[in-house]
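**Q** Structure of the sequence below:
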Amino acid sequence: MAGRIEDYALIGDMQTAALVCRDGTVDWLCLPRFDSHAVFAGLLGTGEHGFWRMGPAYAPGAEPPTAARRTYRGDSLILESEWDTPRGTVRVTDFMPPRDGAPQLIRIVEGVSGRVPMRSELRMRFSYGRVVPWVHKHEGRTVAVAGPDSVWFDTEAETYGKALTTYADFTVSPGERIAFTISWEPSHKEPPPLPEPEQSLEATEDFWRDWVEHCTYHGPYREAVVRSLITLKALTYAPTGGIVAAPTTSLPEDIGGVRNWDYRYTWLRDAAITLSSLLRTGYREEARAWREWLLRAVAGDPENLQIMYGIAGERELGEAELDWLPGYENSTPVRVGNGAAHQLQLDVYGEVTEALHLGHMTGLARNDYASVLQLKLIRYLEDHWQEPDEGIWEVRGPRRHFVHSKVMAWVAVDRTIKLIESGDADGPLERWKQLRDDIHRDVCEKGYDKERNTFTQSYGSRELDASLLLIPQMGFLPPDDKRVIGTIEAIQRELSTSDGFILRYPTEGGDEGVDGLPGDEGAFLACSFWMADDLAMIGRVDEARKLFEKLLSLRNDLGLLAEEWDPRLQRQVGNFPQAFSHVPLIDTALRLTASGAYGG
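**A** This is a model prediction of the structure:
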């Protein structure tokens, strides 16, 4: 059975990623890309669907022992786990070297004290656990082949096969190091080169040390910010600059429910806000790469802008259900692909434009087509901003006139006006100033409830929505506007959980609500960070700091966050780790640091 979501560590190579549980089991790995089929899919099923456990040997029928300690080696993505056993202490170092060639997952077992009996248990199952590969020896190496894929297993330890699983039983003494590596290669090609684990470990550590040195944030929350930045870097697909929302699919927002989605794609919204955090912490190269990815993905067709694309810019992300997988803690269906790709979400135009604007303001080298794209987006919005859409939360119910969508349409026009005024683009300035005023007036007249002194989720509704917290952050209204303060206080009253975190919107107590889905969900962590931002902006800085530090306490022992927090079960839920949680963590830390609102 898979561990709790927060029991997992992330390792990756900026092309794919693996999740490693506290007991030393890799329960999730897609090869060779984030969005490829999983070789280990035990996270969404059982051990029959693929895993790789490395840890102290244990009695048949017993539970594998969990590590007594685990940490990342410094500011890196190199995981170190230690077990204390009656016979001694052992350390396992797990990492994936950044690469140009074959993807590798390397595990180095090191004796710390005593003599510890160990076991490697490798069960490869291709196509999300559905296909048992042909495992055989080739020139002394173990290789598993199925269709277009091959995975090569290399170690100096003696191995044997039993029950369609590859085992290695061995003992380590103090100072002794034994390495195990799996490498992926297309099955029709020559075998990948023999791995060099120790050299790869040194190169991986150097890579992360050099990368982190570029961080310009040195405030009181540096540990949390740097870990979040490393996580965002790990979610970047290096060959193209695309950024996945998360490396997993179908980790449930509601344990046992149907709110299970595939997040291994590049959402324009998530990627744009990720870019803004990277820019503000010194990472211009990542920002430049994302902008180039965006221009390729959108190409000459901004009128058909999608809310998400594949990591190389693919447009077709057809949704399917994997009915042979029982789901994480029986949460079904397990989905791959994402049917929301072709939804209309007008707010995306605002997020993309804001990201391009921020790049321009922070001195990112000028790209003429980026300005052309921005102008094309506004010409599209000019004709379509008054239409209803599915909104930021990708509701699968009917379209509505979501207030956040209209606000972000205003942002898109406002930032483009600033671009024209700077002299870096040409456009109908006066006409678009009028458009900006029209959108602003429309939102204030139709999206604001005077009786309750709050903006609402959509025109004519009484529901609230946490995305309204972005109104002051986007500059739509100043923080001291009574309508802003009223909205913040209304969301605190109506969308707070018992422990003070913020829901996205009401989910009707399990019945189908605005999102067209049954079931409830946890507190959306990004929304809680937005609340901390807003509280700081309106002068309630002590309250903001306390909420922020409470949010930091929800991170797992390695500093990682999923998408949501379930206040009933007191555990993380949703895909993991989630860019849309780590980005606002960085943003709030920057804001609180700038305001001096931190303790100690």
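**Q** From here on, just use CA atoms for contacts and neighbour counts.
**A** OK.
**Q** Report how many residues lie close to Trp393.
**A** By other CA atoms under 10 Å, 12 other residues sit near Trp393.
**Q** ignore the last one, Gly339
**A** If we define neighbours as other CA under 10 Å, then Gly339 has 17 of them.
**Q** Confirm for me that Leu381 is in contact with Ala409.
**A** Yes: assessed by CA atoms under 8 Å, Leu381 is found in contact with Ala409 at 7.0 Å.
**Q** Which one's more surrounded, these two?
**A** Higher neighbour count among Leu381 and Ala409: Ala409, with 28 against 21, using other CA under 10 Å.
**Q** Quick check: mean pLDDT of stretch 82-101?
**A** Taken as a whole, stretch 82-101 has an average pLDDT of 96.
**Q** Now that stretch: buried residues?
**A** Buried residues in stretch 82-101, counting neighbours by 16 or more other CA atoms under 10 Å, are found at 82-85, 88-98.
**Q** Now do the helices in the protein.
**A** 126-129, 197-212, 222-234, 268-280, 284-298, 347-361, 368-384, 403-421, 429-446, 470-473, 482-494, 525-537, 541-552, 579-595 (DSSP state H).
**Q** Now do the second one: everything it contacts.
**A** Pointing back at helix 197-212 there. 75-78, 95-98, 106, 108, 179, 181, 226, 230 (CA atoms under 8 Å, 6 or more residues apart in numbering).
**Q** now that helix, how far from the centre of its chain.
**A** Distance, stretch centre to chain centre, for helix 197-212: 23 Å (CA atoms, centre = their mean, to the nearest Å).
**Q** Let me have the contacts of helix 197-212 in CSV, extended by distance to Thr593.
**A** Converted to CSV, the contacts of helix 197-212 look like this (distance: CA to CA, whole Å):
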residue, distance to Thr593
Asp75, 21
Ser76, 24
Leu77, 26
Ile78, 28
Phe95, 32
Met96, 33
Pro97, 34
Pro98, 32
Ile106, 38
Ile108, 39
Ala179, 43
Thr181, 42
Val226, 14
Ile230, 20
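**Q** Please point out which parts of stretch 423-433 sit buried.
**A** For stretch 423-433, using 16+ other CA under 10 Å, the buried residues are Ala425, Trp432.
**Q** With stretch 322-342 instead?
**A** For stretch 322-342, by 16+ other CA under 10 Å, it's 325-342.
**Q** Check stretch 16-36 too.
**A** Those would be 16-35, for stretch 16-36 by 16+ other CA under 10 Å.
**Q** just stretch 470-486 next, same as before
**A** For stretch 470-486, using 16+ other CA under 10 Å, the buried residues are Leu470, Ile471, Pro472, Met474, Phe476, Leu477, Pro478, Pro479, Arg483, Val484, Ile485, Gly486.
**Q** Next, the contact list for the fifth one, please.
**A** The one in question is Phe476. Val407, Trp410, Val411, His440.
**Q** Most neighbours out of those, which is it?
**A** Trp410 (28 neighbours).
**Q** Show me where the stretch 451-600 of the chain dips below the pLDDT cut-off.
**A** Applying pLDDT under 70 to the stretch 451-600 of the chain picks out residues 508-520, 597-600.
**Q** what residue ranges in the stretch 1-150 of the chain score low on pLDDT?
**A** 1.
**Q** Strands of that one, start to end?
**A** 9-12, 17-20, 25-30, 38-40, 51-56, 69-72, 79-85, 88-95, 104-114, 116-123, 134-138, 141-146, 149-155 (DSSP state E, counting those that start in this stretch).
**Q** Dump those strands to TSV, plus distance to Thr281.
**A** Formatted as TSV, these follow (distance: least, CA to CA, whole Å):
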stretch	distance to Thr281
strand 9-12	21
strand 17-20	24
strand 25-30	30
strand 38-40	33
strand 51-56	36
strand 69-72	21
strand 79-85	24
strand 88-95	25
strand 104-114	29
strand 116-123	40
strand 134-138	46
strand 141-146	43
strand 149-155	38
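**Q** winner for burial among these?
**A** strand 38-40 (a mean of 28; mean count of other CA atoms under 10 Å).
**Q** Contacts for that one, please.
**A** With CA under 8 Å, 6+ apart, strand 38-40 has contacts from 26-31, 49-52, 123-129.
**Q** Next: stretch 424-439.
**A** In contact with stretch 424-439 (CA under 8 Å, 6+ apart) are residues 371-372, 375, 382, 406-407, 409-410, 413-414, 417, 419-420.
**Q** How far off centre is that stretch?
**A** 35 Å.
**Q** now swap in stretch 140-152 and tell me
**A** Distance, centroid of stretch 140-152 to centroid of chain: 30 Å (CA atoms, centre = their mean).
**Q** List of residues touching it?
**A** 124, 126, 131-137, 153-154, 181-188, 191-192.
**Q** let's see it at 7 Å
**A** By CA atoms under 7 Å, 6 or more residues apart in numbering, the residues outside stretch 140-152 that reach it are 133-137, 153-154, 182-187.
**Q** Do me a favour and get the end-to-end distance for that stretch?
**A** End-to-end distance for stretch 140-152: 11 Å, by CA to CA, to the nearest Å.
**Q** Show me which pair in the contacts of Phe476 is furthest apart.
**A** Distances among these were taken as CA to CA; the most separated pair is Val411 and His440, at 9.8 Å.
**Q** quick revisit: may I see the helices of the chain arranged in JSON lines, with distance to Leu503 as well?
**A** Output for these, formatted as JSON lines (distance: least, CA to CA, whole Å):
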{"stretch": "helix 126-129", "distance to Leu503": "32"}
{"stretch": "helix 197-212", "distance to Leu503": "33"}
{"stretch": "helix 222-234", "distance to Leu503": "22"}
{"stretch": "helix 268-280", "distance to Leu503": "18"}
{"stretch": "helix 284-298", "distance to Leu503": "30"}
{"stretch": "helix 347-361", "distance to Leu503": "19"}
{"stretch": "helix 368-384", "distance to Leu503": "29"}
{"stretch": "helix 403-421", "distance to Leu503": "16"}
{"stretch": "helix 429-446", "distance to Leu503": "23"}
{"stretch": "helix 470-473", "distance to Leu503": "14"}
{"stretch": "helix 482-494", "distance to Leu503": "9"}
{"stretch": "helix 525-537", "distance to Leu503": "7"}
{"stretch": "helix 541-552", "distance to Leu503": "14"}
{"stretch": "helix 579-595", "distance to Leu503": "14"}
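**Q** which one of the ones you listed lies closest to Gly257?
**A** helix 525-537 (19.2 Å).
**Q** CA atoms only: put stretch 164-171 into PDB for me.
**A** Coordinates of the C-alpha atoms in stretch 164-171 are reproduced here as PDB (Å, rounded to 0.1, in the frame of the first residue of the first chain):
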ATOM      1  CA  LEU A 164       8.600 -11.700 -11.800                       C
ATOM      2  CA  THR A 165      10.700  -9.500  -9.500                       C
ATOM      3  CA  THR A 166      14.500  -8.900  -9.400                       C
ATOM      4  CA  TYR A 167      16.100  -9.200  -6.000                       C
ATOM      5  CA  ALA A 168      19.500  -8.500  -4.500                       C
ATOM      6  CA  ASP A 169      20.300  -9.600  -0.900                       C
ATOM      7  CA  PHE A 170      23.600  -8.200   0.500                       C
ATOM      8  CA  THR A 171      25.200  -6.900   3.700                       C
END
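**Q** what's the burial count for the nearest residue to Ser276 once chain neighbours are set aside?
**A** For Ser276, ignoring the flanking residues on the chain, the nearest one in space by CA to CA, 6 or more residues apart in numbering is Ala355 at 6.1 Å. The tally of other residues near Ala355 (other CA under 10 Å) stands at 25.
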